[in-house]
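Visitor: whatever this is, show me its structure:
(one chain, ligands or ions: 1)
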Amino acid sequence: MYEKGAFATMKKEVYTSDVYTSFQNFELDNLFSREVILELGSGNGVFLVHLGRTFKDKNVIGIELDIKRAKKCYKKISREGLENTFVFSGDAKEIIPLFFPSSVVSKTFMLFPDPWPKSSTWRNRLFEISSAIMVDRISKVGATFNLVTDVEYIFSEVNELFTRVLGNWDFSNEWLFEFRKLFVPTLYYEKWLSEGRNFYWGVWIKKF
Ligand SMILES: C[S@@+](CC[C@H](N)C(=O)[O-])C[C@H]1O[C@@H](n2cnc3c(N)ncnc32)[C@H](O)[C@@H]1O
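Guide: Below you'll find the predicted structure:
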């Protein structure tokens, strides 16, 4: 877990460490002072700012590995003056264990994660067993995990991890309906749609 001092330097406009980069001025305590909505792999930020606009009474945090894309997220956040929305650039699998307290997140979104199909690159995947454990730790009871992917085996693996490996999450049709209503087309949605790919949608809810 983090120590308070670890984020002191975030007061600078831009702070870079081996683990993450941020472009915003904020205090760690403020970030987690109210319920958090998280997006893993925010890309260019279309959905992140949509979340920020929709959930004004929550803090919305995006984590994006690619710094150029994270900068695009930040530009959109600033342009809209969204004071409840933040972006980190870095690996979610490092940032979350270091800085996120337990049971603070009420919704996590992951839209079109990269597949990394070869077994030799499997560890690069954003979502595998350690990610499921990490999401479970930071999620409140009743929180949801919202996924849309063009890769069927990603959908199946996420389902397996939540419902069988962890066993304390259920697939939720009711929340899936809400996710479909909330969704706005992202860059990769448009890209894969134009190629005629199928999409697999799922929402899982934390039971206990
Ligand atoms: C296919 S893109 C989808 C982007 C966006 N969600 C969309 O729908 O347009 C996947 C994104 O996940 C990011 N990503 C991959 N691994 C990550 C990780 N470990 N931590 C944070 N972001 C990651 C990539 O940099 C990329 O921007």
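Visitor: rest of the way, CA atoms for contacts and neighbours
Guide: Noted.
Visitor: so residue 58 makes contact with residue 32?
Guide: No - using Cα atoms under 8 Å, residue 58 makes no contact with residue 32, being 9.6 Å away.
Visitor: whichever helix in the chain runs longest - contacts with which helices or strands?
Guide: Counting by DSSP state H, the longest helix found in the chain is helix 67-80. Counting contacts by 3 or more Cα pairs under 8 Å, 6 or more residues apart in numbering; DSSP states H and E, helix 67-80 packs against helix 46-54, strand 85-90.
Visitor: pull out the buried residues from that helix.
Guide: Within helix 67-80, the residues that count as buried by 16 or more other Cα atoms under 10 Å are 67, 69, 70, 71, 72, 73, 74, 76, 77.
Visitor: same question, stretch 161-169
Guide: So stretch 161-169, judged by 16+ other Cα under 10 Å, has buried residues 161, 162, 163, 168, 169.
Visitor: show me what the longest strand anywhere in the chain pairs with in its sheet, parallel or antiparallel.
Guide: Longest strand in the chain by number of residues (criterion: DSSP state E): strand 139-149. Looking at strand 139-149 with DSSP bridges, its partner strands are strand 105-111 (parallel), strand 200-206 (antiparallel).
Visitor: what sits up against that strand?
Guide: 102-113, 155, 175-176, 179, 199-208 (Cα atoms under 8 Å, 6 or more residues apart in numbering).
Visitor: perfect, I'm done here.
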